[in-house]
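Peer 1: Coordinates for the following, if possible.
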Amino acid sequence: MIDTCPIHYWAKETPEHIAVEAGSVCLSYRTLNRRVASLTQQLKRAGFVPGDRLVVPAKGSLKSLLLAWACLRVGVVFCPFNPAFPVTQQLNLAERLQAGRVCQTESDNDYSSQLTSSPLTPITLDFLAEAGSGESPALDGSQLCNTIFTSGSSGTPKAVLHRVANHLASARGSASLIPVDQNSGWLLSLPLFHIGGYAIPFRVFLAGGRVILDDAPDTLAERLEQQAISHLSLVPTQLWRLLKAGFTPQRTQLRELLLGGAAIPAPLVAKMTSLGLTPKVSYGLSEMASQVCTGIPTASGVVGKPLPGREVRIVEGEIQVRGETLFCGYLNNGKMNPGLNNEGWFATRDKGHFTSEGALVVEGRLDNGFISGGENIQPEAIEQRLVDHPGVAQALVVAVPHPEWGERPVAFIDWHGEAVQEQALNTWVREALPGFMVPDAWLAWPPGVGFKPSRTRFAELARARVNFTV
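Peer 2: This is a model prediction of the structure:
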């Protein structure tokens, strides 16, 4: 299937409408189209052909966004890395992708000098140049377009490879429940190396709306009151901090709030609903180009029904998915691993079930479950109960070896304010879960944790701090 590039389409239909807002810089659809057209020509002059892979240490800068869409038009596979990764790790990932060139689009010059002295050949582009796009640039749905590295929480990160059609289907299915129009402004609050960040421009540009880059010095609470941000994607802890800063939806233009990435606290949903803005929750994964299910958080773990273009089934307690958004496979050393079972389904390793109304309930990762004294324990079930406590902002539970029980749960807690006594938390968990699921130790949330904590790292910390003896 061939689609016209939406940026080009809106450059013809509404040329002066703002497409990208980056601090004090605003680009109309006409200007955005001309800059992407120039970068497209520059990539071709540099010898890039469809299927080539370009490494881009990219968060969410204007340059990164421009380059991502220029790569789409050329057919170059855009390979964003987390710039915070050590250079040696990035070089290893680039080797696995068999990528030979890199483009620095972020502002860390010291980092740039380290990376460009590597075997990767650096390329320099003029991001301010403009050019006419000539005939309507087409986006071939079958064309390979990007990689996203999984978090690696269960081992070595995997390179998820997508086609253009995956992202177009993802955006169109998302719009069925989260409408986007020309008056919409969606904050790019997630990085482009994360599937949730890479998906946002597709949703916005298809509708002719505005992508608002997350690079202003103001706090999020201030920006929401000052800028025309109508759509926002956050993890629960970000929303807790926003509320603590005095956020009130009525003083903003916000009309759609999407939560994901962690257990959704019932008090948080209740607070937002009381303020007049009911959030939506989502279940998604890189292998399905972001959202799979989306809905209203009616109960613990409920993430809504599958969006159009997605299929979900449960096999022996495991969530399996397929559909128009399903990735091509994992790319490793030039070889493609489809990552699917014999029936063409992707086994997520997530545990779940459906409600009687057909909504998906996500119970946690099958890989995270452990046995304690002969009892099966799913850490996410404990985490959900903990974040439902009004004093808990976020929680993460890991298994620590125990000489008598095999393993026992240990909980890390991030408090809203003053810490709650351990006995009160023990009682809180025991009121909803079996006694064997009450954590045996409570640890403070470590500093400097990003929006997606590493369960492996937390397990290492717990085992270093807790030593059970009989």
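
Peer 1: in the stretch 51-200 of the chain, which spans are strands?
Peer 2: Taking DSSP state E, counting those that start in this stretch to define them, one finds strands in the stretch 51-200 of the chain at 53-57, 77-81, 101-102, 121-122, 138-140, 144-149, 159-163, 185-188.

Peer 1: mind giving me JSON lines with these and columns for mean pLDDT?
Peer 2: Formatted as JSON lines, these follow (pLDDT from 0 to 100):
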{"stretch": "strand 53-57", "mean pLDDT": "96"}
{"stretch": "strand 77-81", "mean pLDDT": "96"}
{"stretch": "strand 101-102", "mean pLDDT": "94"}
{"stretch": "strand 121-122", "mean pLDDT": "92"}
{"stretch": "strand 138-140", "mean pLDDT": "92"}
{"stretch": "strand 144-149", "mean pLDDT": "96"}
{"stretch": "strand 159-163", "mean pLDDT": "97"}
{"stretch": "strand 185-188", "mean pLDDT": "97"}
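
Peer 1: wait, which of the ones you listed is closest to I18?
Peer 2: Of all those, strand 185-188 sits nearest to I18, with 8.5 Å by CB to CB. Every C-beta, even on glycine, is put in place using the N, C-alpha and C of the backbone.

Peer 1: By mean pLDDT, flag the weakest helix or strand of the protein.
Peer 2: Of all helical and strand segments in the chain, the minimum by mean pLDDT, DSSP states H and E falls on helix 109-116, at a mean of 53.

Peer 1: I'd like to know how far the nearest residue to H231 once chain neighbours are set aside sits from R313.
Peer 2: Distances taken as CB to CB, 6 or more residues apart in numbering place W186 nearest to H231, at 3.9 Å, with adjacent residues excluded. Using CB to CB, to the nearest Å, W186 is found at 31 Å from R313.

Peer 1: low-confidence ranges in the stretch 101-250 of the chain?
Peer 2: Residue ranges of the stretch 101-250 of the chain with pLDDT under 70: 108-118, 152-155.

Peer 1: Which residue ranges of it form helices?
Peer 2: 109-116, 164-175, 195-207, 220-226, 236-244 (DSSP state H, counting those that start in this stretch).

Peer 1: quick one on the thing from earlier: now the strands of the stretch 51-200 of the chain as a markdown table including mean neighbour count and distance to G261?
Peer 2: Below are the strands of the stretch 51-200 of the chain laid out as a markdown table (neighbours: other CB atoms under 10 Å; distance: least, CB to CB, whole Å):
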| stretch | mean neighbour count | distance to G261 |
| --- | --- | --- |
| strand 53-57 | 24 | 22 |
| strand 77-81 | 25 | 18 |
| strand 101-102 | 21 | 28 |
| strand 121-122 | 14 | 33 |
| strand 138-140 | 17 | 28 |
| strand 144-149 | 24 | 15 |
| strand 159-163 | 23 | 17 |
| strand 185-188 | 24 | 15 |
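
Peer 1: Of all the ones you listed, which one is nearest H389?
Peer 2: Proximity to H389 (CB to CB) singles out strand 185-188 among the strands of the stretch 51-200 of the chain, at 29.0 Å.

Peer 1: could I get that closest one in PDB with only the CA atoms?
Peer 2: Extracted in PDB, the C-alpha atoms of strand 185-188 (Å, rounded to 0.1, in the frame of the first residue of the first chain):
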ATOM      1  CA  GLY A 185      -1.100  19.400  20.200                       C
ATOM      2  CA  TRP A 186       0.600  16.300  21.500                       C
ATOM      3  CA  LEU A 187       3.600  16.600  23.700                       C
ATOM      4  CA  LEU A 188       6.500  14.400  22.700                       C
END
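
Peer 1: Distance to R73 and mean neighbour count for the helices of the stretch 101-250 of the chain - can I get that in a markdown table?
Peer 2: Formatted as a markdown table, the helices of the stretch 101-250 of the chain follow (distance: least, CB to CB, whole Å; neighbours: other CB atoms under 10 Å):
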| stretch | distance to R73 | mean neighbour count |
| --- | --- | --- |
| helix 109-116 | 25 | 14 |
| helix 164-175 | 10 | 23 |
| helix 195-207 | 13 | 24 |
| helix 220-226 | 31 | 17 |
| helix 236-244 | 33 | 18 |
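
Peer 1: Could I get the ones you listed in a markdown table, plus columns for distance to R455?
Peer 2: Formatted as a markdown table, the helices of the stretch 101-250 of the chain follow (distance: least, CB to CB, whole Å):
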| stretch | distance to R455 |
| --- | --- |
| helix 109-116 | 27 |
| helix 164-175 | 26 |
| helix 195-207 | 19 |
| helix 220-226 | 26 |
| helix 236-244 | 16 |
